[in-house]
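J.: Got a sequence here, can you model it:
(chains A, B, C and D)
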2 protein chains.
Amino acid sequence: MNDVTRPSGTRAIARDAVRARISEVAVELFDEQGFDSVTIEQIAAAVGVSPRSVHRYFPAKEDTVIGDPAGWGEHVRDQLVARPSEEPIWEALLASYEALLAAPGRNQAQGKKAMRVLGSAPALRARNFEKHLLWASMLTPVVAERLEGDHRELRAETIVQASLACFDIALTAWAEADAADSAVDLLRRSFGALQPTT
Amino acid sequence: MNDVTRPSGTRAIARDAVRARISEVAVELFDEQGFDSVTIEQIAAAVGVSPRSVHRYFPAKEDTVIGDPAGWGEHVRDQLVARPSEEPIWEALLASYEALLAAPGRNQAQGKKAMRVLGSAPALRARNFEKHLLWASMLTPVVAERLEGDHRELRAETIVQASLACFDIALTAWAEADAADSAVDLLRRSFGALQPTT
DNA sequence: GCCATAAGTGGCAGAGACTGACAGAACGGG
DNA sequence: CCCGTTCTGTCAGTCTCTGCCACTTATGGC
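T.: Predicted coordinates for the structure are as follows:
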């Protein structure tokens, strides 16, 4: 996951570290006190930087939890493109998301806490949806390519959004459940509830 | 358009009228200048009320465009409950949304402008998604009631979210299209791209 | 018709998120 | 070691949103 930026430098490393630290502290505080009652000032004080710097790393308060949408979105898209073209689209999408869940750099415990916090505040869930829209714009062209018949664009959009909804539902259920089911199992189950028409 | 506030029940009438007027003016301004560059103060001045009052009618700036989520959500749920129980769930959901589109009080032209504005700003799209979450929480129990087999809750959640995605996609496409297709046609087409497994 | 009550409104003060500008500190390359 | 780049903190400011209080006005009981 660490795309150690080529420009050999202590600076880039330090920046990533500070960024990760802010995110970590923020999620911790949100989990304890609730998203709304934690101020940027508190986060900054806990980390040991100025409030201005927190805003430099994360444009919006919600981004401290969401992370970098574009990076993971590209990951999913690349997985999807790599799937064999004769594979049904729904299975290809499922496999792509599974690959994301299995990707390195996804700390299970911390990821679960982040998901739990993410579900606690409407503002966060809404911001998370923005990420989904970004992913949708990346995935829809790939899906449309594979479809046949009329209205490919609209159908592709529908299928992609539905798959993202499955992804979101599975992760939400996983974060709330008592660890009885794995995220992958929930994802497969959610995908199993729908089927694109041919 | 300007209702004289003469008869009995002046307060309730005036309240609804002011609320509608604020929403109308706000959407108009957002469409002209963009959501972010219009301030509450401008809206208040254009309507002829104080900024404080605008916030009294609409807790958040985005709500001037979104409207009242709970009211329409109940409308959809009531429609769904009223559908015959032997009807396939996917058809029942489609019929419920169709009834919403045909409901009185949905001005076609103004609705289209609102949808266009709604798609223009991330903050608005996010807020719209919160409406979807509210609707989902109302519809999921009804859908779960109709399902059979295992994992009813998760499957119901998946089906409801997918249907809401269809609803959103159809309206977005309708607002952007050159009026070639009606909203109902687009909705049916989007629903047609998916099918819940039995 | 008169008056007490409740509802609605406006103005004020303040918290909090976010932004731009600028000066100083830390770091990396030469 | 020096200089330019990068990062950071401070300051000032905008805007959304929320209590609070005083004032106006419609409503209902008499």
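J.: lowest average confidence, helix or strand, in chain A?
T.: helix A:108-120 (a mean of 86; mean pLDDT, DSSP states H and E).
J.: Show me what that one is packed up against.
T.: helix A:10-33, helix A:63-66, helix A:122-146, helix A:152-176 (3 or more Cβ pairs under 8 Å, 6 or more residues apart in numbering or on different chains; DSSP states H and E). To be clear about C-beta, it is placed using only N, CA and C from the backbone, and glycine gets the same treatment.
J.: Mind listing residues that contact the helix or strand following the shortest one?
T.: Once the chain leaves helix A:63-66, the next helix or strand it forms, by DSSP states H and E, is helix A:69-82. With contact meaning Cβ atoms under 8 Å, 6 or more residues apart in numbering or on different chains, helix A:69-82 is reached by A:92-93, A:95-97, A:99-100, A:103, A:130-131, A:134-135, A:138-139, A:142-143.
J.: What subset of the residues you listed is buried?
T.: A:92-93, A:96-97, A:99-100, A:130-131, A:135, A:138-139, A:142-143 (16 or more other Cβ atoms under 10 Å in any protein chain shown).
J.: Let me see the domain layout of chain A.
T.: Chain A breaks down by automatic domain parsing into domains covering A:10-61, A:68-192.
J.: need the ones you listed in JSON lines with distance to B:A175, can you?
T.: Formatted as JSON lines, the domains of chain A follow (distance: least, Cβ to Cβ, whole Å):
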{"stretch": "domain A:10-61", "distance to B:A175": "26"}
{"stretch": "domain A:68-192", "distance to B:A175": "14"}
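J.: For the closest residue in space to A:E41 that isn't next to it in sequence, grab the count of nearby residues.
T.: Nearest residue to A:E41 in three dimensions, chain neighbours excluded: A:P51, at 5.2 Å (Cβ to Cβ, 6 or more residues apart in numbering or on different chains). Using other Cβ atoms under 10 Å in any protein chain shown, A:P51 has 14 other residues around it.
J.: And A:P51, how far from chain B?
T.: 22 Å (Cβ to the nearest Cβ, to the nearest Å).
J.: What is the lowest-pLDDT residue among the contacts of helix A:69-82?
T.: Within those, A:A103 has the lowest pLDDT, namely 77.
J.: three-state assignment of that residue?
T.: At A:A103 the chain is in coil, as set by DSSP: H, G, I helix; E, B strand; the rest coil.
J.: Name the nearest residue to it, sequence neighbours excluded.
T.: That would be A:H75: by Cβ to Cβ, 6+ apart, it lies 6.5 Å from A:A103.
J.: re the thing from before, right, so of the helices and strands packed on helix A:108-120, which gets closest to DNA strand C?
T.: helix A:10-33 (2.6 Å; Cβ to the nearest atom of the strand).
J.: Which residues does the closest one contact?
T.: A:2, A:4-5, A:38, A:42-43, A:46-47, A:49, A:53-54, A:57-58, A:64-65, A:67, A:110, A:113-114, A:116-117, A:120-121.
J.: now do 7 Å
T.: The contact list for helix A:10-33 (Cβ atoms under 7 Å, 6 or more residues apart in numbering or on different chains) reads A:5, A:38, A:42-43, A:46-47, A:54, A:57-58, A:64-65, A:67, A:113-114, A:116-117.
J.: Could you do stretch A:142-162 as well?
T.: A:77, A:80-81, A:85, A:89, A:136, A:139-140, A:194, A:196, B:162, B:165-166, B:169, B:173, B:189-190, B:193-194.
J.: Would you mind listing what in chain A touches DNA strand D?
T.: When proximity is defined by Cβ under 7 Å from any atom of the strand, chain A lies next to DNA strand D at A:11-12, A:14-15, A:18, A:48-53, A:56.
J.: Got the confidence number for A:E157?
T.: 97.
J.: got it, and A:N107?
T.: In this model, A:N107 is scored at 66, pLDDT.
J.: just for chain A, where's the confidence low?
T.: Where chain A drops to pLDDT under 70, the residues are A:1-8, A:104-107, A:179.
J.: residues from chain A in reach of DNA strand C?
T.: So far as Cβ under 7 Å from any atom of the strand goes, chain A lies against DNA strand C at A:8-11, A:38-41, A:52, A:55, A:59-62.
J.: Among those, find me the one that's closest to DNA strand C.
T.: A:T10 (2.6 Å).
J.: what's the closest of the domains of chain A to B:R125?
T.: B:R125 lies closest to domain A:68-192 among these, at 6.7 Å (Cβ to Cβ).
J.: So for the closest one, first residue to last residue, what's the gap.
T.: The first residue of domain A:68-192 is 29 Å away from its last residue (Cα to Cα, to the nearest Å).
J.: Any idea how far it is from the middle of the chain?
T.: Put simply, domain A:68-192 sits 8 Å off its chain's centre (Cα atoms, centre = their mean, to the nearest Å).
J.: How about stretch A:25-43?
T.: 20 Å.
J.: Assign a three-state SS to A:D181, would you?
T.: Note that with three-state DSSP, the state of A:D181 is coil.
J.: which ones are touching the nearest residue to it once chain neighbours are set aside?
T.: In space, A:D181 comes closest to A:W174 once its chain neighbours are excluded; the distance is 6.9 Å by Cβ to Cβ, 6+ apart. Neighbouring residues of A:W174 by Cβ under 7 Å, 6+ apart: A:181, A:183, A:186.
J.: Nearest to DNA strand C among the residues you listed?
T.: Closest to DNA strand C, out of all of these and judged by Cβ to the nearest atom of the strand, is A:A183, at 28.6 Å.
J.: what about the closest residue to that closest one other than its chain neighbours, distance to B:V47?
T.: Nearest non-adjacent residue to A:A183, counting by Cβ to Cβ, 6+ apart: A:W174, 4.3 Å away. Shown here: A:W174 relative to B:V47, a distance of 46 Å by Cβ to Cβ, to the nearest Å.
J.: ditto for A:I13
T.: On the measure of Cβ to Cβ, A:I13 and B:V47 end up 53 Å apart.
J.: between these two, who's got more neighbours?
T.: Taking other Cβ under 10 Å, A:I13 and B:V47 do not tie; B:V47 has more neighbours (18 against 13).
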